[in-house]
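Q: predicted model, plus sequence, below.
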Amino acid sequence: MKSPVSSVTRPDRYRDQVGFDKNYGFMKEFRIFTLLLIVTILGYSSCKTTKEETEDQYGKIRIHFEHRVDNQSLVTDQMIYENAAGNKYLVNEIQYFISDVTLYKNGNTHLLDAWDDIHYVDTDIESTRTFAIRDEIPLGHYDKISFTFGINEVKNQSLMFVNPPESLMFWPELLGGGYHYMKLNGKWLDTLDQISPFNFHLGIGQIYYSFPDSISSYVQNYFEVELVDSGFELQIGETLDVTMVMNVENWFKSPHIYDHNEWGGDIMQKQDAMRLGCENGWNVFTIEK
Amino acid sequence: MERNCLNKNGCHFYGAAFVAAFLLVLISCSKSDPESPYKPAPYLIEIPFGFPTNLNIPSDNPMTVEGVELGRYLFYDGRLSGRTHPDSLMSCASCHRQERSFEAGIDHPDFEDGHPHGLSGQKTHHVMLPLVNLVWNHNGYGWNGFLYPGNPNDKLQNIEDFVRLAVVAKDEIDGDTSRVVNLLQSIPGYPELFRKAFGSENITFNNIERAIAQFIRTLISANSKFDKYMQGKVQLSQSELNGYVLFTTEEGADCFHCHGGFGNPLFTTNLFYNNGKDTVYTDPMDRYMVTKDPMDRGAFKATTLRNIEVQGPFMHDGRFKTIEEVIVFYSHHLKWSPEVDPLMHHVNKGGVQLLPFEKEDLLNFIRTLRDDEFLSNPAFGKPDKFPDEQ
């Protein structure tokens, strides 16, 4: 970049070189200036056209999140659901992170929104239920969409979110730090016919030497979700709206039948329970276009 | 430079004319207000380690050094009641005591069991909440959050509105806004402070609200022993560490989901929970009053645990006098109801069942949240002199 000093001294040097009458010089410079202006305007118009053409080669994607139980929209705080283990249950709220949304095209991958690659979803906060991905995505056919449920160990660092609501997802340092992948809070009818709260919370697991005082290692429970039938065609200038559906009942269904009576109300320190939950997560999400 | 002028002399003439005009404008401006023009200095809030960066500062009330200074005078000046008789003075500080983290405290000399009452003698509906770190509260003020940014009722949105409510409420200052304005207008020194803060010596109640709210937003507590531990500056004792583990584990005391921790150093979510105190809900000013969601019956704000050691009584109705009683409640006396929050997952066992030594460890950890610097910071304390005493 030129310094301001050089831009001020340059005209003097120019005048010295040509050494002619000032007024004549002014008229000539005026013509040159006019010519330059025309060239600049033309150049700008040309650039603009090129840019518009370039923009047309891309599209955008916007993901909407929905939450359903047994193919019906989630109704919170009503004991109207029954899971695969036969537990009658209600859902109060669901909060979770997805990250590293990736598109697949001809065997190549395209990571979306690398600068904002972790998205928080909250059933109580409407604005979180849309993820408008900022990337301009090349046109064409894509084979599938995948994402990480939770946050991988490289990115899942404590204090990376300092503002609510994301910061309220923090996972205690002792238990591995970072953030909850998910809080699914609700209640179930237990074996004593009592309505008991459950906190189906997923995050970093712990392996204990002796429970609960001594931890020998941590388990990264995040997992990749490859969305079935998620191929799509992105058209010129299109913003593709896709709906990502969390089918809540599947957290408790397959391949493991998850029984609240077995695991109780809290599982953050029960890696076996979190493992079942995460392994059940493979078919929790479906996509609609 | 010459290339922009028809000739050198002409260029100099226009340049001189421009400079002269500029100087005239400057002189003209300063003549209208020869002493000191209205130019408040921005008050910058430094974000403490780990704290949120989003601040709740309304766009129509930016923080200024002058506004905060004025707010501090008003916060402590008993003439905020609009009265001058010594028996009728009352200010925010009459109840919000610095040494009690800006709540009344169980030992307030004028209140029985720490339950405040106003000048009229009428008790407040609930006991007090502390004024600490409110600049990070976006989720509503008061035990039920009835005052919140974005409220369709634009008179019930923020701290500014709380100031007005406190001044006129029968169970608080029981004042009259016009009378307050007229009295302050007549006190030497205040009009000048208002001019410096808001550009006019004509005092309005709106500017009284704004100044006090600005001062309250400066009340930041972020230098407790635990803050220093977070930054690696000090180590906690073994008992405090044990308490920290209990605080942040579900199999322990499970406090962190509502009361924060390393990842949420506000030590509150500023959200509202039914924490299992009752089975029948008769308090008309619970969270249900605001949301009309039946599941919010009996729900109240999770208070910050910062400086909780010097506060009390506890819970919205002040039913517990000491923190020890609160720990016993969460340990053994939770009550189930359909409205109890799902985070109270120990409710059917009556609580988290802490053993006596665990209760002591937990208490020792909670004590690490006391911030002595905050509790004695002169910048937050009563001014040595009020404006008319200078």
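A: Perfect, I can see it now. Numbering: from 1, shown residues only, chains lettered A, B, ... in the order given.

Q: CA atoms for contacts and neighbours, from now on please.
A: Will do.

Q: next, the buried residues of stretch B:79-87.
A: Neighbour-count burial for stretch B:79-87 flags B:79-83 (criterion: 16 or more other CA atoms under 10 Å in any protein chain shown).

Q: how far does it stretch from one end to the other?
A: 11 Å (CA to CA, to the nearest Å).

Q: show me what from chain B comes close to chain A.
A: B:1, B:3, B:6, B:50-54, B:245, B:248-251, B:257, B:260-264, B:269, B:295, B:338, B:341-348 (CA under 8 Å from any CA of the partner chain).

Q: so B:Ile203 is in contact with B:Leu193, correct?
A: No: using CA atoms under 8 Å, B:Ile203 is not in contact with B:Leu193, being 9.7 Å away.

Q: which two among the buried residues of stretch B:79-87 are spaced furthest apart?
A: The most widely separated members of the buried residues of stretch B:79-87, counting by CA to CA, are B:Leu80 and B:Arg83 (7.5 Å).

Q: just to revisit the earlier point, so which of the buried residues of stretch B:79-87 comes closest to chain A?
A: Checking these against chain A by CA to the nearest CA gives B:Leu80 as the nearest, at 35.0 Å.

Q: now do the contacts for the closest residue to the closest one other than its chain neighbours.
A: Of all residues not flanking B:Leu80 in the chain, B:Ser91 sits nearest, at 5.5 Å (CA to CA, 6 or more residues apart in numbering or on different chains). Going by CA atoms under 8 Å, 6 or more residues apart in numbering or on different chains, B:Ser91 touches B:74-81, B:173.

Q: do that again at 10 Å, thanks
A: B:Ser91 sits next to B:73-82, B:166-167, B:172-173 when contact means CA atoms under 10 Å, 6 or more residues apart in numbering or on different chains.

Q: need those in TSV (columns: distance to B:Asn144, pLDDT and secondary structure).
A: Formatted as TSV, the contacts of B:Ser91 follow (distance: CA to CA, whole Å; pLDDT from 0 to 100; DSSP: H, G, I helix; E, B strand; the rest coil):
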residue	distance to B:Asn144	pLDDT	secondary structure
B:Tyr73	29	98	helix
B:Leu74	26	98	helix
B:Phe75	24	98	helix
B:Tyr76	26	98	helix
B:Asp77	28	98	coil
B:Gly78	28	97	helix
B:Arg79	29	97	helix
B:Leu80	26	98	helix
B:Ser81	26	97	helix
B:Gly82	29	96	coil
B:Ala166	16	97	helix
B:Val167	20	97	helix
B:Glu172	18	97	coil
B:Ile173	21	96	coil
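
Q: which residues touch residue 171?
A: Going with chain A. Neighbours of A:Trp171 in contact, by CA under 10 Å, 6+ apart: A:156-158, A:177-181, A:201-204, A:268, B:248-249, B:256-257, B:261-264.

Q: if you could check chain B rather than the one you did, that'd help
A: B:116-125.

Q: okay, now the unreliable bits of chain A?
A: A:1-56, A:115 (pLDDT under 70).

Q: the domain parsing of the chain - what is it?
A: Using chain A here. The record's domain parsing of chain A by automatic domain parsing lists A:4-54, A:58-288.

Q: you answered for a different chain; I wanted chain B.
A: B:2-26, B:65-220, B:225-374.

Q: A:Asp193: which of those is closest?
A: Of all the domains of chain B, domain B:225-374 sits nearest to A:Asp193, with 11.4 Å by CA to CA.

Q: on that earlier part again, only whichever of the contacts of B:Asp171 are buried, select them in ChimeraX.
A: What follows is the ChimeraX syntax selecting those of the contacts of B:Asp171 that are buried according to 16+ other CA under 10 Å:
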select /B:116,117,118,119,123,124
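
Q: what about A:Ser230, which SS state?
A: coil (DSSP: H, G, I helix; E, B strand; the rest coil).

Q: in contact with it, which residues?
A: Contacts of A:Ser230 by CA under 10 Å, 6+ apart are A:103-104, A:142-146, A:242, A:286-289.

Q: returning to that earlier point: next, format the buried residues of stretch B:79-87 as JSON lines and append distance to A:Val225.
A: What follows is those, written out as JSON lines (distance: CA to CA, whole Å):
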{"residue": "B:Arg79", "distance to A:Val225": "64"}
{"residue": "B:Leu80", "distance to A:Val225": "61"}
{"residue": "B:Ser81", "distance to A:Val225": "62"}
{"residue": "B:Gly82", "distance to A:Val225": "65"}
{"residue": "B:Arg83", "distance to A:Val225": "68"}
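
Q: so how far is B:Val328 from A:Lys289?
A: 53 Å.

Q: just want to know which of these two has more residues nearby.
A: B:Val328 (18 against 12; other CA atoms under 10 Å in any protein chain shown).

Q: wasn't A:Ile145 part of a strand?
A: Yes: applying three-state DSSP, one finds A:Ile145 inside a strand.

Q: number of nearby residues for the residue nearest to it when sequence neighbours are not counted?
A: Sequence neighbours aside, A:Leu103 is the residue nearest to A:Ile145 in space, at 4.8 Å (criterion: CA to CA, 6+ apart). Counted with other CA under 10 Å, the neighbours of A:Leu103 add up to 21.

Q: list the buried residues for the host helix or strand of A:Leu103?
A: Assessed by DSSP states H and E, A:Leu103 sits inside strand A:88-105. By 16+ other CA under 10 Å, the buried positions in strand A:88-105 come out as A:88-104.

Q: same question, stretch A:137-147
A: In stretch A:137-147, counting by 16+ other CA under 10 Å, buried: A:137-139, A:142-147.

Q: so which of these is the closest to chain B?
A: Closest to chain B, out of all of the buried residues of stretch A:137-147 and judged by CA to the nearest CA, is A:Phe147, at 24.8 Å.

Q: who does the closest one form a beta bridge with?
A: A:Val225 (DSSP bridges).

Q: that one and A:Ile98 touch, don't they?
A: Yes: using CA atoms under 10 Å, A:Phe147 is in contact with A:Ile98, at 6.7 Å.

Q: shared neighbours of those two, anything?
A: A:117-118, A:223-225.

Q: ok, so of the residues you listed, who is nearest chain B?
A: A:Ile118 (17.0 Å).

Q: does the closest one touch A:Leu111 like I think?
A: No: the pair A:Ile118 / A:Leu111 is not scored as a contact, 11.7 Å apart, by CA under 10 Å.

Q: more neighbours, those two?
A: Higher neighbour count among A:Ile118 and A:Leu111: A:Ile118, with 19 against 16, using other CA under 10 Å.

Q: tell me where the stretch 1-150 of chain A has strands.
A: A:58-69, A:72-73, A:81-82, A:88-105, A:108-111, A:118-122, A:130-132, A:137-138, A:140-142, A:144-149 (DSSP state E, counting those that start in this stretch).

Q: hmm, back to that, now the domains of chain B as JSON lines including distance to A:Cys278?
A: What follows is those, written out as JSON lines (distance: least, CA to CA, whole Å):
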{"stretch": "domain B:2-26", "distance to A:Cys278": "69"}
{"stretch": "domain B:65-220", "distance to A:Cys278": "32"}
{"stretch": "domain B:225-374", "distance to A:Cys278": "19"}
